[in-house]
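Chemist: With the input below, show me the fold.
(one chain, ligands or ions: 2)
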Amino acid sequence: MRRATLSLTAFTILISACSQDTYDPSHDYFSFANTDQFVTRHIDLDLTVDFSAEQLHGNAILHMDRIDPSATEVILDTRGLHISGIHVAVADGSMVPAEFGLGEDDAIEGTPLIISLPADFSPGSEFRMKIDYRTGPDASALQWLPPELTAGGKHPFIFTQSQAIHARSWIPLQDTPAVRITYSAIIHTPRELLAVMSANNDPLTPRTGEYHFDMPQPIPSYLVALAVGNIFFVPLGDQTGVYTEPEVLDAAAFEFSGTQDMLDIASELFGDYQWGRYDLLVLPPSFPYGGMENPRLSFITPSLLAGDHSLVSVIAHELAHSWSGNLVTNATWRDQWLNEGTTSYLESRLMEVLYSKDRVDEERVLGYEELMLNIETIDPVWQALAPQLDSGDPDSFQGTIHYHKGQLLLEYLEHAFGRESFDKFIGAYFEDFAFATITSEKFLDYLDENLLQVHQGKVSRSQVETWLYEPGLPSDAPVPTSATLEQAAAMALAWSQGELVLNEIPTGSWSPQAMRHFINSLPAELSDDELGQLDQALGLSVAGNAEIGRTWFIQVAKRQYQAAYENLEKHLNRYGRTRLVAPVYRALAENGSDLELAREMFARARGKYHPLTIASISRALQPASD
Ligand code: BES
Ligand code: ZN
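Modeler: Ligands and ions are numbered 1, 2, ... in the order given. The predicted structure is shown next:
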C-alpha cells in the first residue's frame, strides 16, 4: 500500500474531527483510533529494555474486536515508533503479513498507523494482530536515566509516564481512555535489574532479567506503566509495600508506613478495593509529577520524603484514584475533572479520617488560593469543568481547575444533600460505573437521576450545569476557611508591623501548611534584612519539606532576595517534580531583572529534568513578547 493513500485516510479523519459543527462529548479528539469500528480487549507485550541504545524493542499482540463488520482498516496511535512488521491472524489460525503505513505526523497527537486487514482475514469478530516495533529516540513516555541521576549512582533506570497521551510513544495502540484493555507482558532487562509494572508484581520474584506480568483487570492505556532499575522491595502491610532503590528504601518505608491503614480506610469509605495489592514505587528525583496512579503500583516522587509524613496527602490522592480514575475513568481528556476533582475530594475525605478536619481545611484553603490565582490568569473558556476541547495538548489541561473546582463541586453537593446521602451516591456511582468510562454528560444524567431528583428542591440540574460549563465559580460555591491559617496570616502581618517578635511566633507547633500560608501572607514591602531574619529563624531556605521550599523560593524570587539565591538554586537541583521547580523559574523570569539568571540556572540544571518538566520551564522562560 502506498503512503499517499494512507495519508489521505488520516487526513480525512483529522478534518472530520475539526470541522464538527457541534461538539461531540463522546468523541476523543486526542486519538486517531477508529474505535467505532475496532476495539482492543487485550495486549500481550514482549519487550527488551536496551539501555545502551535507549530503546525498547519487541512486539505487541493486540487482541481486537471488529465491531463494524464492514471495516477493513485499523487505525492505531503511535508517536516516533519504528514499525518493522505487522501480522494478522487469518481464518486458518496462521499469521499473515498485513499492509500498513503511517499517516501524517501531528506535533501533539503523533502519527496514525493504518493497517489493512488481509483479504483472507478471519470472518469472526475477534482477531489478533502482532506488531513488531521499537521505540524512537524521543519517546515522550520514556525517561532513560544514566546512573548519576539515580540514588545509587551505579545502575541506569527507566520509567514510563503514559498519561495523558504518551502510551502511544512506547506501544502502538488505541490510546484513548475510552478503551479498556487487560494486558500481559514479558520484559527482558539486564540481569541485575528489576522490572515492575502496573500489574501483578510479585515482591519475591527472582532477579533473572526476564519478568512476567499480568494485568487481569481492564484498564485504559494511560495506566500501562513500566519501570526498570536497581529496585528492591520492603513490605508495609499485608497488601502494601514500597519499591525503590536500596539507598532510599528505609526512608521510603518510614515515610509511607501508614499506607496499609490508608488502604483499609479507603476501602471502608469508598467500597472494596478491586486491585489486589497496592504498592508504591519511589522514583529518582526527575519523576515529573508528585504521583501517578498506575494501578496496583503508584509511581511517587522522592520529594515526598520529608522525614515526618507531612506530604502523604499525595499518597492518599494516588490511592483514591483506585476508585475515581482507575475504576471509573474519564471518557476523554476533556472530562479530566471526573478523575482529578473527584480524587481530590476523596483525598480530603481520607485525610480527614487519618488526620483531622483541621488539617484538611488547611489543605482546602491553600488549594482554594491556588484556584483563585489560576482563575485570574486563564482564559474563561478553560475555566469550565467540562469545556468543549477539541485540540491542544491534554497535558496542558492539567491545572487547578480540574482539581480544586472539581473538588469544590463535590463538597457543594455533599453539603447540600448531607454526607450520608452523598456517600451513598458516591458508593453507588463507583459500583454502577466500575471498569467503565464516563463523560461529564453521563455523570450529569446519573447525578440528576440518583441524587438531584431523589431529594428534590436542593440543587437543580441547571445549577450543576453552571459548574460544568461556565467560567469562574458559582456565587454559592463553598469557601474553605481555616482558623489556624488565619492565625498564621495575622501573625505574618503583626510581625511585619513590629507588633510581634519572631520568637513569639509558635512555628514549632505549626503544620507545614500554616508555614506556607504564613510565607504567602507576608506583605510586599519587606527589607532584605527582615527576610534574612525570617529565613534564619524559621530555616526556610533549608526546609526539609519540599512544599515549604517551593513556597519560600517563589517569594525569594519575586522579592529578588538575592542572599537566598544560592539555596534557591540548590532547590532547583534537588527536585525534578515540575510543580516544585517550574513556578520558581517563572517567578525569577517575571521579577523584572532575573530572566537571564533564570536561564543560566536552567542551563545548569536542565540535564537532571524530565522532558515534560523541561517543556514546562521552557514555556516559563520564553521572552515576554512570545
Ligand atoms: N494523574 C495525576 C498526574 C497527571 C495528571 C499526569 C495529568 C499527567 C496528566 C496524579 O494523580 C496527580 O494528580 N498528581 C498530583 C498529586 C497531587 C494533586 C496530590 C501531582 O503530581 O502534583
Ligand atoms: Zn490525580
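
Chemist: Count residues in the vicinity of residue 275, would you?
Modeler: 19 (other C-beta atoms under 10 Å). Any C-beta I mention is one placed from the backbone N, CA and C, and that applies to glycine too.

Chemist: Surely it is within a helix?
Modeler: No. Looking at residue 275 with DSSP: H, G, I helix; E, B strand; the rest coil, it is coil, so not inside a helix.

Chemist: got any ranges where the stretch 1-150 of the chain has weak pLDDT?
Modeler: Along the stretch 1-150 of the chain, segments meeting pLDDT under 70 span 1-21, 122-123.

Chemist: residue of it with the smallest distance to ligand 2?
Modeler: With C-beta to the ion as the measure, residue 141 is the residue of the stretch 1-150 of the chain nearest to ligand 2, at 17.5 Å.

Chemist: Now do the same contact list for that residue.
Modeler: 160, 161, 162, 166, 167, 169, 170 (C-beta atoms under 8 Å, 6 or more residues apart in numbering).

Chemist: Narrow those to those in strands?
Modeler: Here DSSP state E is the test, and the contacts of residue 141 give residue 160 as lying in strands.

Chemist: Dump the contacts of residue 141 into CSV; add distance to ligand 2 as well.
Modeler: Listed next are those as CSV, based on distance: C-beta to the ion, whole Å:
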residue, distance to ligand 2
160, 17
161, 13
162, 14
166, 16
167, 17
169, 21
170, 21
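
Chemist: still on that earlier bit, with adjacent residues omitted, what lies nearest to the residue of the stretch 1-150 of the chain closest to ligand 2?
Modeler: residue 166 (3.6 Å; C-beta to C-beta, 6 or more residues apart in numbering).

Chemist: what about the one you found, distance to residue 397?
Modeler: Per C-beta to C-beta, to the nearest Å, residue 166 is found 14 Å from residue 397.

Chemist: Neighbour count for those two, which is higher?
Modeler: residue 166 (23 against 19).

Chemist: doesn't residue 140 make contact with that one?
Modeler: Yes. In this structure, residue 166 is within contact of residue 140 by C-beta atoms under 8 Å, at 4.7 Å.

Chemist: Overlap in contacts, those two.
Modeler: Residues touching both residue 166 and residue 140 (C-beta under 8 Å, 6+ apart) are residue 79.

Chemist: Can you report phi and psi for the residue most central in space within the chain?
Modeler: When C-alpha atoms, centre = their mean is applied to the chain, the residue found nearest the centroid is residue 292 (4.8 Å). Note on residue 292: backbone dihedrals following degrees, to the nearest 10 are phi -140, psi 130.

Chemist: From ligand 2, how far off is the residue nearest to it when sequence neighbours are not counted?
Modeler: Take residue 292 and drop its neighbours on the chain: the residue closest to it by C-beta to C-beta, 6+ apart is residue 299, 4.2 Å away. From residue 299 over to ligand 2 the distance is 12 Å, taken as C-beta to the ion, to the nearest Å.

Chemist: for residue 311, same thing?
Modeler: Going from residue 311 to ligand 2 by C-beta to the ion gives 15 Å.

Chemist: can you pull the pLDDT of the residue in the stretch 301-450 of the chain positioned nearest to ligand 1?
Modeler: Closest approach between the stretch 301-450 of the chain and ligand 1, counting by C-beta to the nearest ligand atom: residue 317, at 3.7 Å. pLDDT, residue 317: 98.

Chemist: That one - nearest residue in space that isn't next to it in sequence?
Modeler: Here the nearest residue to residue 317 in space, its sequence neighbours aside, is residue 347; by C-beta to C-beta, 6+ apart that works out to 4.2 Å.

Chemist: Ligand 1 contacts on this structure?
Modeler: Contact residues, the chain versus ligand 1 (C-beta under 6 Å from any ligand atom): 163-164, 289-293, 314, 317-318, 321, 340, 395, 398, 403, 579.

Chemist: remind me which residues of the stretch 251-400 of the chain are low pLDDT?
Modeler: Scanning the stretch 251-400 of the chain for pLDDT under 70 picks out 398.

Chemist: just to revisit the earlier point, next up, the contacts around the residue nearest to the centre of the chain.
Modeler: Shown in contact with residue 292 (C-beta under 8 Å, 6+ apart): 161, 163, 225, 298, 299, 318.

Chemist: Go again with 10 Å.
Modeler: Residue 292 makes contact with 159-163, 198, 222-223, 225, 281, 283, 298-301, 318, 321, according to C-beta atoms under 10 Å, 6 or more residues apart in numbering.

Chemist: Please flag which of those residues sit within strands.
Modeler: Among those, the members falling in strands (DSSP E) are 159, 160, 281, 298, 299, 300.

Chemist: can you count the residues close to residue 22?
Modeler: Neighbours of residue 22 under the rule other C-beta under 10 Å: 6.

Chemist: mind putting the ones in strands among the contacts of residue 292 in CSV, neighbour count and distance to residue 135 included?
Modeler: As requested, these are arranged in CSV below (neighbours: other C-beta atoms under 10 Å; distance: C-beta to C-beta, whole Å):
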residue, neighbour count, distance to residue 135
159, 24, 14
160, 26, 10
281, 26, 21
298, 26, 24
299, 24, 19
300, 27, 24
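
Chemist: residues touching the one residue in the stretch 151-300 of the chain that gets nearest to ligand 2, list them.
Modeler: Residue nearest to ligand 2 within the stretch 151-300 of the chain: residue 293 (6.2 Å; C-beta to the ion). Counting by C-beta under 10 Å, 6+ apart, residue 293 makes contact with 163, 198, 222-223, 225, 299, 317-322, 324-326, 339, 343.

Chemist: again, only this time at 7 Å
Modeler: Shown in contact with residue 293 (C-beta atoms under 7 Å, 6 or more residues apart in numbering): 318, 321, 325, 326.

Chemist: For burial, what's the neighbour tally of the closest residue to it other than its chain neighbours?
Modeler: Excluding the flanking residues, the one nearest residue 293 by C-beta to C-beta, 6+ apart is residue 321, at 3.3 Å. Using other C-beta under 10 Å, residue 321 has 24 neighbouring residues.

Chemist: so how far is ligand 2 from residue 321?
Modeler: 6 Å.

Chemist: my guess is that residue contacts residue 343, does it?
Modeler: Yes. The criterion here is C-beta atoms under 7 Å, and residue 321 meets it with residue 343 at 5.1 Å.

Chemist: which residues in the stretch 301-450 of the chain form helices?
Modeler: For the stretch 301-450 of the chain, applying DSSP state H, counting those that start in this stretch gives helices covering 313-320, 336-354, 357-377, 400, 406-417, 419-432, 440-447.

Chemist: Same question for stretch 181-200: list its buried residues.
Modeler: Of the residues in stretch 181-200, those buried under the neighbour-count criterion (16 or more other C-beta atoms under 10 Å) are 181-185, 187-189, 193-200.

Chemist: just stretch 362-376 next, same as before
Modeler: The neighbour-count check on stretch 362-376 (16+ other C-beta under 10 Å) flags 362, 363, 364, 365, 366, 367, 368, 369, 371, 374, 375 as buried.

Chemist: Apart from its chain neighbours, what residue comes closest to the fifth one?
Modeler: So the one you mean is residue 366. residue 513 (5.9 Å).

Chemist: mean confidence for the helix or strand containing the one you found?
Modeler: If you go by DSSP states H and E, residue 513 is part of helix 512-520. Mean pLDDT, helix 512-520: 97.

Chemist: what does it contact?
Modeler: By C-beta under 7 Å, 6+ apart, the list of residues contacting helix 512-520 from outside reads 310, 362-363, 366, 484-485, 488-489, 491-492, 507, 545, 547-548, 551-552, 555.
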